[in-house]
Structures are given as structure tokens and as C-alpha cells.
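S.K.: need a structure here:
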Amino acid sequence: MSIINPKVNISIIPAFIQPTAEDQKVLFVGQKTASGTATAGQLYQSISNSPVNGNTAWDSLFGEDSLLAAAIRAAKKLNKISRFDAIPLDDDGGATAATGSITLGGSVTQAGKLYVSIGSKENNTYEIDVLASAVLADIAQDIEDAITADSAALVSANAVAAAVTFTAINKGDEGNKIGIKIWTTTVGLSYTLVGMTGGATNPTLTNVFDVVGNLRYQTIVWQSTFDLDVVQTFLDDRFDSDTRILDGIGIVSITDTLANLKTTTSDTDRNSQSLAIHCNRLVNASHYKGSAINEMDFVIAAQFAAVRALRMTDGAPISQFVDATEGVADAFGGIQIASLPYFNTPFANLPIIDHEYQWLDSEQEELREAGGFILGNNIANNEIISDRVVTTYLTNSVGDPDITFKYMNYVDTASVVRWYFHENLRQRFRQSRLTTGNVVSGRNMANAHIIQGALMVYYKDLTEFALLVGGEAARKKFLDNLVITIDLAESKSVIAMIAEIVTQLGTIDVAMQISFSTTE
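M.R.: Down below sits the predicted model:
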């Protein structure tokens, strides 16, 4: 053996890596169909964009004509970056399917087109060529054939004489939410429309989240007719949890009347920072029965969740969803977007609302104050955009009005700030001695002064992310209210601090005085 002197030992010490944004995970909970290969109640993670047996993964797993596949399909069109997981559910064995119908009448005197939209104007609209003097039964059969040819249709169709009956593929209450719209350019053709009804008994939701374990889902997409208590309780129990960051928000879109929506969102049992309800107006017209936004509620919630996840994903291109003209750094996702308001976010894949079915300004305010949020037409009536997005949180624990978690971006900001402090403290003091005296140079040790210094660094980081209020006055306020107590016996440091978050510019009040002179 060779003689080596002096002996040199060099240990490699890992670098300190500042935490980056946690990967966004979206969980979809919804109904599959029998053609899907997935096992009901199991958790399917990282649903791929890659084809499986010639179909997309979600179509193969959950059935192309299922509610769950429709929701994931719509989300994937907007967001191919974030991780999408799903818990599929079988229809209840005793469930019934919703049905609706169109009965044709009159006599066609001029050829044209007949359009039938069932569930989604964007994805499930059927165009029928109608010839002059066409037989009504033939037109009805053409409608059936068009729907049958659509492997992603949410209904089956059966034509008998001049009537076509539609039956929801997935059984249960959600089928009652499938909108039917009909319009025509022909002359002489009439119709009678009966909206979807009769769907009953949803899948059992008992212990549906048991398969999740300690996985964190920042967003959960929930079917509109599923019991809200289940998803809310699950997320509320995870909010502000000990040792782990597990909080998230459930996104639900519900179609109903103004009165019913206000009752749902403002229910004292719904008072939660973990639940956001999109309020879709119920339309009951002769040519249309369904949601003001002609799309399935589950799909609307899925699209919102896709955009939310993209906003919070490090480096994701989001310029199509945010206005970055005055802040080019906001064109890319990351934790800094948590404080950026959701209002004016465009949803290009949602159909424009017919002007007569839009919420009035006063109704929008009523819904917002009751804890519901709105998606509606922009001023030009050429795109759907979001209003200020609120959660159902209205009051604190003693019942007093409280805006702490009223807006989703307040919740997002608070959650990210908590996560940032949590992850940095965990890394910085992952193996430290604790003392009330001085620390020894070169030793892993911590006292109140060391902890305070670390917190001030993280505070500065968060101000540069535009999440906490910056400036000397804000820094002094943070420092003055920072209390660190050391308990050596319990090997514990107790920290109390006030974090002043950045909010949103939602209102600009201007007092303008009229003048008739250009001189003083």
C-alpha cells in the first residue's frame, strides 16, 4: 500500500437551495362509465396526455362519454403542464338516468340548418341539413344519427316519429344539468323542447378521500350535484394543519336560480375558505333549457381549476390568462401570481352568454356578497371573463363579518406565504441545537436572534415576490410584532408574527370636479 502524507479528507456539504413553488396537483372526482377500464374509488395519478390503446388516457380509463372524461379533456386543452389526478366513481346501482326530448312540428317550406346542442355548445353541437319539404321523422332520425356518431356525447338519442328522446349516459342528479338548446335557419319548422329531468341518486361518497393519504391537492374539482359537505370537510380539516402543508380549495360550478344559489353559498355550513362556488344562471326558455354558460358545470369548474394551477406553476406561460402589459414578469407562473387578482381572466373555451341570460349588475353583487363568484361576458360581449373570485368564507368563528379569506387570491397568498416560511424554516434548521445564550461559531445552533434573522430574510423574499407589503414602515411593523420564545426543556421555539399580505385593486373611486375655466 502506498504511503500518502498528508492525508486530506474533504466532505461535500449540500448547498442550501431556496424552495421553489410546490408542484400543482389538481384532483378530479367524478363519474365514469362502464367502458372505462379504471376501478371505481381508486386514485389515478398523473393522468397522461399520451394515447392508450388509441385513445387518450382519460378516455380509456373513465370512458370517453363520461362526465369525468369530459372535465379532464377540457382542462387538458388549457393546461398540459400541471399534474391531474382523478378518483372515478361508478353510477349508483339504484340510480336513474335523466331524460329530455325534442318534438318537431310544422312543415318545412325553406331549406336550412337545424342545430342541437346537448351539454356543451363548444363540444356537443350537432348540425343537421334540412331540405325543403323534409319529413319530420327523417329530421328526427338525423338528430339521433348525429348524436350516436359522437363517441363523446353525454347522452344517447332515440328517434320515434317526429320526437327524439335523450337519455344521460351517466345516471344520477348530474344528468339533470345537461342543457339542451335548439335553433334553426329553416322556415316552417317548429319544435317543443323538454329539458333533462328525472336523474336521481348519485354515487356513494363515503370515505371517497381515504385513498388520498397525505397527498396535497391545491385544487379539487367536484361535480355540482355531489354533497358539498364531503369535499368541504375534507379540505377544512387540512387547512392550517400541523407539520404539513395540505390546504387546498374545492372548485364547484352550480346552475340554479338566483335565490337558490344565494341560499347555497351563504349557508352557515358553507362558511369556508376551502370552497369556491361558481354561480351559473338557470335558463328555462322555449329553445333552451340549461345553464346560461352553455357548458356542463363540471367542465366549467375543470377549466377554472386548470387555469388556477397554471398560474401557480413555476415558469408556466400564462400571458393568455393575465394582463402583463404593465408587469412583464407576470407573464409566467409561480408563487408570485398568488396575489394577482383573478378578475378579468379570460376563458376562451367557454361560450358567450346570450345577453338576456346574463346576471344583472345588482344580481352579481348579491351573489358575491353571499359567497359565490361569476363568470360572464366581457364588455364587448366576445369572450367570457371572471369577476372577482370569492370563497364561501363570510364570517369568523364568532359570526362577525370577516374578509380575511373572502377572495381566492387572499387565500392563495396566505397559503403561499405560510408554505414559504414553513419550507425555509424546515430546511434552515433541519438539524440545529437550541440555546437561549450565544451560538458557537461553526456549530449548528439557533437562538432567538438567529431565528429572527432568518425570518427577516424570508420576509424580504416574500416582499420581492409581491406577496407581502414591502418598504421600511412595513419591515419595521413586521419586526416590532415578531415575538420569539425559546423553551429549552421542550426543545421548542414559539414564534408569533404579523404578515401583511398584498391584496387587489378592485375599486377605484374618483371625485371629479367640473370646471368652466382654464385659469385659476
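S.K.: which helix or strand lies directly C-terminal to the helix or strand hosting His422?
M.R.: Here His422 is covered by helix 408-428, with elements defined by DSSP states H and E. Downstream of helix 408-428, the first helix or strand assigned by DSSP H and E is strand 433-434.
S.K.: partner strands of that next one and their direction?
M.R.: Strand 433-434 has its sheet partners listed here by DSSP bridges as strand 445-446 (parallel).
S.K.: what's the helix or strand following the partner strand packed up against?
M.R.: Counting by DSSP H and E, the next helix or strand C-terminal to strand 445-446 is helix 448-464. Packed against helix 448-464 by the contact rule (3 or more C-beta pairs under 8 Å, 6 or more residues apart in numbering; DSSP states H and E) you find helix 408-428, helix 472-480, strand 483-487, strand 492-496. To be clear about C-beta, it is placed using only N, CA and C from the backbone, and glycine gets the same treatment.
S.K.: what's in contact with the longest one?
M.R.: In other words, helix 408-428. Counting by C-beta atoms under 8 Å, 6 or more residues apart in numbering, helix 408-428 makes contact with 16-19, 21-22, 240, 245, 247, 249, 273, 276, 312, 335, 338-342, 373, 389-391, 393, 403-405, 454-455, 458, 461-462, 465, 467-468, 499, 501-504, all of which sit outside it.
S.K.: just the helices and strands packed on helix 448-464: most buried one?
M.R.: helix 408-428 (a mean of 20; mean count of other C-beta atoms under 10 Å).
S.K.: got the angle between that helix and helix 448-464?
M.R.: Taking axes from the mean of the first three to the mean of the last three C-alpha atoms, to 10 degrees, one finds that helix 408-428 is oriented at 140 degrees with respect to helix 448-464.
S.K.: got the CA positions of helix 408-428 in PDB?
M.R.: Backbone C-alpha positions of helix 408-428 (Å, rounded to 0.1, in the frame of the first residue of the first chain) are rendered in PDB as follows:
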ATOM      1  CA  MET A 408     -59.400  33.500  -3.500                       C
ATOM      2  CA  ASN A 409     -56.200  35.400  -4.100                       C
ATOM      3  CA  TYR A 410     -56.200  36.300  -0.400                       C
ATOM      4  CA  VAL A 411     -56.400  32.600   0.400                       C
ATOM      5  CA  ASP A 412     -53.700  31.800  -2.200                       C
ATOM      6  CA  THR A 413     -51.400  34.500  -0.900                       C
ATOM      7  CA  ALA A 414     -51.800  33.400   2.700                       C
ATOM      8  CA  SER A 415     -51.200  29.800   1.800                       C
ATOM      9  CA  VAL A 416     -48.100  30.500  -0.200                       C
ATOM     10  CA  VAL A 417     -46.600  32.800   2.500                       C
ATOM     11  CA  ARG A 418     -47.200  30.100   5.100                       C
ATOM     12  CA  TRP A 419     -45.700  27.500   2.800                       C
ATOM     13  CA  TYR A 420     -42.600  29.700   2.100                       C
ATOM     14  CA  PHE A 421     -41.900  30.200   5.800                       C
ATOM     15  CA  HIS A 422     -42.600  26.600   6.500                       C
ATOM     16  CA  GLU A 423     -40.300  25.200   3.900                       C
ATOM     17  CA  ASN A 424     -37.400  27.600   4.600                       C
ATOM     18  CA  LEU A 425     -37.500  27.100   8.300                       C
ATOM     19  CA  ARG A 426     -37.600  23.400   7.900                       C
ATOM     20  CA  GLN A 427     -34.500  23.500   5.600                       C
ATOM     21  CA  ARG A 428     -32.600  26.100   7.600                       C
END
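S.K.: report the rounded mean pLDDT for it.
M.R.: For helix 408-428, the mean per-residue pLDDT is 94.
S.K.: now it, how far from the chain's geometric center?
M.R.: Averaging C-alpha coordinates over helix 408-428 and over its chain gives two centres that are 20 Å apart (C-alpha atoms, centre = their mean, to the nearest Å).
S.K.: need the helices for the chain, in chain order.
M.R.: Along the chain, counting by DSSP state H, helices occupy 57-62, 67-78, 136-149, 228-238, 258-266, 297-311, 361-370, 408-428, 448-464, 472-480.
S.K.: for Val469, give its distance to Ser319.
M.R.: Summarising the geometry, the distance separating Val469 from Ser319, computed by C-beta to C-beta, to the nearest Å, is 26 Å.
S.K.: the two: which is more packed in?
M.R.: The neighbour comparison of Val469 against Ser319 (other C-beta atoms under 10 Å) goes to Val469, with 17 against 12.
S.K.: please name the nearest non-neighbouring residue to the more buried one.
M.R.: Distances taken as C-beta to C-beta, 6 or more residues apart in numbering place Glu500 nearest to Val469, at 4.4 Å, with adjacent residues excluded.
S.K.: neighbours around the one you found, how many?
M.R.: The criterion is other C-beta under 10 Å. On that basis, Glu500 has 13 neighbouring residues.
S.K.: please apply the same query to Leu43.
M.R.: Other residues within reach of Leu43, judged by other C-beta under 10 Å, total 15.
S.K.: list the contacts for it?
M.R.: Taking C-beta under 8 Å, 6+ apart as the criterion, Leu43 is in contact with 85-87, 211-212.
S.K.: ok so, going back, give me the distance between the residue nearest to Val469 and Ile277.
M.R.: Relative to Ile277, and taking C-beta to C-beta, Glu500 is found at 28 Å.
S.K.: cool, Ile353 as well?
M.R.: Counting by C-beta to C-beta, the gap from Ile353 to Ile277 is 18 Å.
S.K.: pretty sure Leu505 sits against Phe343.
M.R.: No. Leu505 lies out of contact with Phe343 (C-beta atoms under 8 Å); the separation is 9.8 Å.
S.K.: between the two, which is the more surrounded one?
M.R.: When neighbours are counted by other C-beta under 10 Å, Phe343 comes out ahead of the other of Leu505 and Phe343, with 17 against 7.
S.K.: identify the residues contacting the nearest residue to that one once chain neighbours are set aside.
M.R.: Nearest residue to Phe343 in three dimensions, chain neighbours excluded: Arg388, at 4.7 Å (C-beta to C-beta, 6+ apart). Listed by C-beta under 8 Å, 6+ apart, the contact set of Arg388 reads 341-343, 368, 373, 407, 504, 506.
S.K.: of the helices and strands packed on helix 448-464, which is nearest Ala111?
M.R.: Each of the helices and strands packed on helix 448-464 has some distance to Ala111 by C-beta to C-beta; the shortest is helix 408-428, at 49.8 Å.
S.K.: returning to what we had before: could I get the helices of the chain as a markdown table with distance to Gln513?
M.R.: Putting those into a markdown table (distance: least, C-beta to C-beta, whole Å) gives the following:
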| stretch | distance to Gln513 |
| --- | --- |
| helix 57-62 | 59 |
| helix 67-78 | 46 |
| helix 136-149 | 62 |
| helix 228-238 | 49 |
| helix 258-266 | 39 |
| helix 297-311 | 40 |
| helix 361-370 | 26 |
| helix 408-428 | 34 |
| helix 448-464 | 37 |
| helix 472-480 | 31 |
